[in-house]
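*Asks:* Show me the folded form of this:
(chains A and B)
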Amino acid sequence: MAAGSSSNVNENIPVFEYKDINTKPFHVGSFRTAWLEKLKPIDYSYEDKYEENEDADFAKEMGIAPETLDELKAICSVDTLRCQAEDEPLDTNVVPPDPTLQTLIQRKKKQDYKGTLRIDKISRVDHYQDELESLAVGKRPEDPVDLVPEGEIILSINVLYPAIFERFRYVRPHMTLQMLGSHSLVDLRDAICCISDLQVFGEFSNTPDMAPDFISKDHFKSAFFYFEGVFYNDMRHPECQDMSETTIDWAKTRDFPTFHKAKMEDTRFYDLKVKVGYPYLFCHQGDCEHVVIITDIRLAHKDDCLDRKLYPLLTHKHRVMTRKCAVCHVYIGRWLTTNDPFAPNDPCLFCERCFRMLHYDKKGNKLGQFLAYPYVDPGAFN
Amino acid sequence: MPNGKAKDRFLKPLVADYEELLGRFQQTESVRFEEFTAIWRNMGFSSVFYGSLAGNEMREFCHLTLTMAFNYFLPPYSFQIRVGGLYLLYGLYHTQLASPKEKIRIALKDWEQIQKFYQDSVNSQHYDAVYIIRKLIAENAVLYTAMPQMLTFRVKKKPQHHKVCEEFRDRPERVKDLISTDMLQEVANIQGHHERLKASVLERSSIAVTQQDLPARLHSCVLEFLHWQDRHENHGDADHLVYAEEKAQQVESSNRAQLLASIKTKSYGCLAEASRSRRHRQVEMDTSISGTGYIKQAPKYHKSRAPSLKARTNKNLCGEGDEQKIQYWLLSAAEEDKTALKRQKRKHSFRW
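*Replies:* Have a look, this model is predicted:
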């Protein structure tokens, strides 16, 4: 009878909270066990299932004779789907003449339109869009210890770039990482490359040679993830502070459900309870916030990259334009100057050579009054 | 071009093609794979992947085909349509041109339904359906996922729900679900228990609060509904016979309809031109049905433009002086050829 289905068993099955947008929260590890219970190990293994064994099992289960089996195989083989004779040459780049399918009619219109163009520009961005994804497909490790075990969970995570400008909102620049379920959150943290980590703070017009000694990544190591009401703090190093403390205290004074804390390095993805497709937060450097969305969770497959050492795997990354020197427009900008009487605008970007040539004499003395800051180009990770 | 647009573009014609294929399959009234492949070959369905799709568009398109086809494999469609959906998935997986092949995504929440379907096929001894399911799993064509699609929290875009095709829907079994045999059994038990209690408490058991024959009446209601459903279905078939007789009359009326249609196309051949403020939305005649390979020509833009600022300045200040200058790029063009002066502008941009 339909009434009274046990809800506690089905909690681990992800369902939509809002259709096609995100799911209700579920525990990743239990999701994995739910799938593994329902499948036979051979279903998700990487090997090719031997055809004879498969056919023998099938015949036994259905109780049919070998001749029927052969006939069945012949009927259901892929050759029956072929639409033209074997010896006819086939050009899959051209729509066949007189198409009857709606899809082909639409495609033929586009093809005819392309024929009228004198110059056919292929967008380079579109062309190489999926190149990164296909780089690691099907890779096997040399050492079998590094093989991703069968039945392992692979998560696809989108980390959006911070500082989303109003007019760039229709395209959301992000990087997509693939992670294994057994990785911990610190692996994800280390894999996220953000230029704010490389920023060097401080004014260096008087000592231009001392600049590279301080990098923000080494100074401010604190970071946290926020998933489903729990703040996961990075506590690996003694100088890491608990950045979520402020938020939790603030929330206590308002009408919010209580938030919890946990350690990032102790939490693996299997222990997380998350919603798929729902935005969460990653905060580092005190105020650099990234939106994190888990787009997909699935079991590992033969055609995935199976080398543990290559994970976390970068499958997609938006490119950012690099800013060049205002003078030569050849080299990438390294110095930003303000209040500079030599510069055409305020602030102004210079490359190393132009900066030295303009602001310092041969002996290295500072000329004029200005403020200079080391600049990290946003396209540094392209 | 953002990825979302590709999906929107390809969606409608693809769904139209699927429904055509499955409609024909439904008419064969069988679940045999041979029937399906006959229709497949007839429609030349492998060619959905032909035509030069730009590099990454091919992979997206293959992914879209498999995702859309999977919808037909799940309830509320009838068993025959679901078998058709399964064959469709099998065909699309093997004829796709993306390499490595795009996989079929099965979400955990749909696994129960698929198992039920498998069990039904085994019980009804549909060997080809069973064989094909097993083959797909054995070939590693399946990805076991949490959700059928990748979700990126695109709230602003209206999510496109799959519209269930009404003709393929299964007969509703709501009455049978509500009043199942278990429930009838239980009601009968409770009735009996109530009667016994009543008899033991009262001497005269003439007071009857409940209906005496409730289980029997429920049962007969259900049966009546089922019979009515059957008759309603067959009534549809009877219509077909009547239709054949009326076809003779219809031929006559269709001739008249054709005449009307031809008059209409003639009158709609000249298009109303958009006003200048709506130049970007010029009306274009869609003659794609009449034959392929016909390139659309937008109507010529007749209205003369007001002279540009450069022309007006020239006229006011320089007079006719510039006519004497030699225009080097025109030396090879004929003197009467005015088109050499103007830059060739693209007459129309592509509309999907």
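
*Asks:* residue boundaries of the strands in the stretch 51-200 of chain A?
*Replies:* All strands of the stretch 51-200 of chain A, identified by DSSP state E, counting those that start in this stretch, fall at A:153-160, A:174-180.

*Asks:* want to throw those into JSON lines with mean neighbour count?
*Replies:* Every C-beta, even on glycine, is put in place using the N, C-alpha and C of the backbone. Formatted as JSON lines, the strands of the stretch 51-200 of chain A follow (neighbours: other C-beta atoms under 10 Å in any protein chain shown):
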{"stretch": "strand A:153-160", "mean neighbour count": "21"}
{"stretch": "strand A:174-180", "mean neighbour count": "21"}
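
*Asks:* Of all these, which one comes closest to B:Thr65?
*Replies:* With C-beta to C-beta as the measure, strand A:153-160 is the member of the strands of the stretch 51-200 of chain A nearest B:Thr65 (20.9 Å).

*Asks:* of all of chain B, which residue lies closest to chain A?
*Replies:* Per C-beta to the nearest C-beta, the residue of chain B with the smallest distance to chain A is B:Leu151, at 2.7 Å.

*Asks:* Thought A:Asn22 was touching that residue, still the case?
*Replies:* Yes - contact status for B:Leu151 versus A:Asn22: in contact at 5.9 Å, counting by C-beta atoms under 8 Å.

*Asks:* Could you verify my assumption that B:Lys315 touches B:Pro307?
*Replies:* Yes - here B:Lys315 lies in contact with B:Pro307, judged by C-beta under 8 Å, at a distance of 7.4 Å.

*Asks:* Low-confidence ranges, chain B, go.
*Replies:* In the prediction, chain B carries residues with pLDDT under 70 at positions B:1-7, B:52, B:54-55, B:156-161, B:172-173, B:176-177, B:204-207, B:233-304, B:319-352.

*Asks:* List the buried residues of stretch A:38-50.
*Replies:* Residues A:Leu39, A:Asp43, A:Tyr44, A:Tyr46, A:Lys49 are the ones in stretch A:38-50 that count as buried (16 or more other C-beta atoms under 10 Å in any protein chain shown).

*Asks:* In those, which has the lowest confidence score?
*Replies:* Looking at the buried residues of stretch A:38-50 by pLDDT, the weakest one is A:Lys49, with 68.

*Asks:* B:Val222 touches B:Ile179, doesn't it?
*Replies:* Yes - with contact taken as C-beta under 8 Å, B:Val222 and B:Ile179 are classed as touching, separated by 5.2 Å.

*Asks:* Provide a list of residues in contact with the closest residue to A:Asp187 other than its chain neighbours.
*Replies:* Computed as C-beta to C-beta, 6 or more residues apart in numbering or on different chains, the closest residue to A:Asp187 that is not its neighbour in sequence is A:Pro312, at 6.0 Å. If you count contacts by C-beta atoms under 8 Å, 6 or more residues apart in numbering or on different chains, A:Pro312 has them with A:Leu177, A:Gln178, A:Met179, A:His183, A:Asp187, A:Leu188, A:Ala191.

*Asks:* which one of these is nearest chain B?
*Replies:* Checking the contacts of A:Pro312 one by one against chain B (C-beta to the nearest C-beta), the nearest turns out to be A:Gln178, at 11.9 Å.

*Asks:* Report how many residues lie close to whichever residue of the stretch 151-300 of chain A sits closest to chain B.
*Replies:* With C-beta to the nearest C-beta as the measure, the residue in the stretch 151-300 of chain A that lies nearest chain B is A:Gly277; the distance is 2.7 Å. Residues within reach of A:Gly277, counting by other C-beta atoms under 10 Å in any protein chain shown, total 26.

*Asks:* Would you map the strands across chain B?
*Replies:* Taking DSSP state E as the criterion, chain B contains strands spanning B:104-107, B:142-145.

*Asks:* The last one packs against which elements?
*Replies:* By that I understand strand B:142-145. Judged by 3 or more C-beta pairs under 8 Å, 6 or more residues apart in numbering or on different chains; DSSP states H and E, strand B:142-145 is in contact with strand A:288-299, strand B:104-107.

*Asks:* Turn these into JSON lines, including mean neighbour count and distance to A:Met243.
*Replies:* Formatted as JSON lines, the helices and strands packed on strand B:142-145 follow (neighbours: other C-beta atoms under 10 Å in any protein chain shown; distance: least, C-beta to C-beta, whole Å):
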{"stretch": "strand A:288-299", "mean neighbour count": "21", "distance to A:Met243": "11"}
{"stretch": "strand B:104-107", "mean neighbour count": "20", "distance to A:Met243": "36"}
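
*Asks:* Can I get those in TSV including distance to A:Gly151?
*Replies:* Shown next, in TSV, are the helices and strands packed on strand B:142-145 (distance: least, C-beta to C-beta, whole Å):
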stretch	distance to A:Gly151
strand A:288-299	6
strand B:104-107	15
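
*Asks:* and A:Ile157, which of these is closest to it?
*Replies:* A:Ile157 sits nearest to strand A:288-299 of all the helices and strands packed on strand B:142-145, at 5.4 Å, using C-beta to C-beta.

*Asks:* Compute the inter-axis angle for the helix or strand following that closest one and strand A:153-160.
*Replies:* The first helix or strand that comes after strand A:288-299 along the chain, using DSSP states H and E, is strand A:313-317. For strand A:313-317 against strand A:153-160, the angle between stretch directions is 40 degrees (axes from the mean of the first three to the mean of the last three C-alpha atoms, to 10 degrees).

*Asks:* for strand A:313-317, which positions count as buried?
*Replies:* Using 16+ other C-beta under 10 Å as the test for burial, strand A:313-317 gives A:Leu313, A:Leu314, A:Thr315, A:Lys317.

*Asks:* which residue ranges form the helices in the stretch 201-350 of chain A?
*Replies:* For the stretch 201-350 of chain A, the helices identified by DSSP state H, counting those that start in this stretch occupy A:216-219, A:244-253, in order along the chain.

*Asks:* Rebuild those helices as TSV, extending it with mean neighbour count and distance to chain B.
*Replies:* Compiled in TSV, the helices of the stretch 201-350 of chain A are given as follows (neighbours: other C-beta atoms under 10 Å in any protein chain shown; distance: least, C-beta to the nearest C-beta, whole Å):
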stretch	mean neighbour count	distance to chain B
helix A:216-219	14	28
helix A:244-253	13	22
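
*Asks:* Worst mean pLDDT among those?
*Replies:* Looking over the helices of the stretch 201-350 of chain A, mean pLDDT reaches its minimum on helix A:216-219, with a mean of 72.

*Asks:* Mind listing residues that contact that helix?
*Replies:* A:Ser196, A:Asp197, A:Leu198, A:Gln199, A:Val200, A:Phe201, A:Gln285.
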